[in-house]
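Trainee: Need coordinates for the below:
(chains A and B)
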Amino acid sequence: GDSVTQMEGPVTLSEEAFLTINCTYTATGYPSLFWYVQYPGEGLQLLLKATKADDKGSNKGFEATYRKETTSFHLEKGSVQVSDSAVYFCALSDGTGNQFYFGTGTSLTVIP
Amino acid sequence: DAGITQSPRHKVTETGTPVTLRCHQTENHRYMYWYRQDPGHGLRLIHYSYGVKDTDKGEVSDGYSVSRSKTEDFLLTLESATSSQTSVYFCAISPGQNQETQYFGPGTRLLVL
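Mentor: Okay, the predicted model is just below:
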């Protein structure tokens, strides 16, 4: 069945460092891909999404490109800030709107 | 922010007791979902609803039931709570097919002793 695999954490970076969080997926059909962010004590918030191959989602300096050939949707940011400290989830929608599949989450801590 | 509230926000209960969690939305979205979040597992879908009285099972539905008698409310019931159901429960809503983004509530932290 459909699934998402994302890199294990936790990840600790210094402020202004480059961030990559890897995400790969397995899916039948034509899924949409998402990155969600969860700040401590809160629910998940949509960070960005891409609905078809080669689409690039972007928001708040974060980017991810839907790569069908490598079944990947890696999250990147050129210069992280302390306020980016959170847990990041990669997710896949099976295209019907009925089923979402989430990765296990990657905890990011950015130190000044 | 999407208008989603969950109640209660925190609950402690004993094994064998029934528990009902409520999700309420003000967006009039068709789809509503219940997830549980556990360390090492991310979010796992328990049940979802695609309309009033229309529900279906997710990945981890055993031990849970749901009901949706109004568009705005989606209830999750643990008929007889077990310690394995200690978790953080999130409700999510979505406009529906072809508008797949899900919007999440703040979560309910449940401890079953």
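Trainee: Please make it C-alpha for all contacts and neighbour counts, starting now.
Mentor: OK.
Trainee: For B:Glu27, give me phi and psi.
Mentor: Here is the backbone geometry of B:Glu27 (degrees, to the nearest 10): phi -100, psi -10.
Trainee: what do you get for the one 5 residues further on?
Mentor: Summarising the backbone geometry of B:Met32 under the convention degrees, to the nearest 10, its torsions are phi -140, psi 150.
Trainee: Just list whatever residues bridge to the spatially closest residue to it that is not a sequence neighbour.
Mentor: In space, and not counting its chain neighbours, B:Met32 is closest to B:Ile93: 4.4 Å by CA to CA, 6 or more residues apart in numbering or on different chains. Note on B:Ile93: beta-bridge partners by DSSP bridges are B:Met32, B:Tyr103.
Trainee: What about B:Ile93, how many residues nearby?
Mentor: 30 (other CA atoms under 10 Å in any protein chain shown).
Trainee: My guess is it contacts B:Phe104. True?
Mentor: Yes. B:Ile93 is within contact range of B:Phe104, at 6.6 Å (criterion: CA atoms under 8 Å).
Trainee: need the contact list for A:Ser58.
Mentor: Contact analysis of A:Ser58 by CA atoms under 8 Å, 6 or more residues apart in numbering or on different chains lists A:Leu47, A:Leu48, A:Lys49, A:Ala64.
Trainee: I'd like to know how many residues surround residue 38.
Mentor: No chain in the question, so chain A it is. The number of residues near A:Gln38, taken as other CA under 10 Å, comes to 18.
Trainee: ah, I was thinking of chain B
Mentor: 15.
Trainee: Chain B: strands as residue ranges?
Mentor: Ranges of strands within chain B are B:4-7, B:10-13, B:19-25, B:31-38, B:42-51, B:54-57, B:64-70, B:73-78, B:87-94, B:103-104, B:108-112, based on DSSP state E.
Trainee: With mean pLDDT added, can I get those strands in TSV?
Mentor: As requested, the strands of chain B are exported to TSV (pLDDT from 0 to 100):
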stretch	mean pLDDT
strand B:4-7	96
strand B:10-13	96
strand B:19-25	98
strand B:31-38	94
strand B:42-51	91
strand B:54-57	93
strand B:64-70	97
strand B:73-78	98
strand B:87-94	95
strand B:103-104	91
strand B:108-112	97
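Trainee: Among these, which comes closest to A:Val110?
Mentor: strand B:42-51 (21.2 Å; CA to CA).
Trainee: who touches the residue in chain A that chain B sits nearest to in this structure?
Mentor: Of all residues in chain A, A:Thr104 sits closest to chain B, at 3.7 Å by CA to the nearest CA. Contacts of A:Thr104 were listed using CA under 8 Å, 6+ apart, and they are A:Thr5, A:Gln6, A:Phe89, B:Pro39, B:Gly40, B:His41, B:Gly42, B:Leu43.
Trainee: got the contact list for A:Cys23?
Mentor: A:Val4, A:Thr5, A:Gln6, A:Met7, A:Ser72, A:Phe73, A:His74, A:Leu75, A:Cys90.
Trainee: Which members of those residues occur in strands, if any?
Mentor: A:Val4, A:Thr5, A:Gln6, A:Leu75, A:Cys90.
Trainee: picking that back up, per-residue pLDDT of the residue of chain A closest to chain B, please?
Mentor: On pLDDT, A:Thr104 comes in at 91.
Trainee: what about it, helix or strand, and which?
Mentor: For A:Thr104, there is no helix or strand it lies in under DSSP states H and E.
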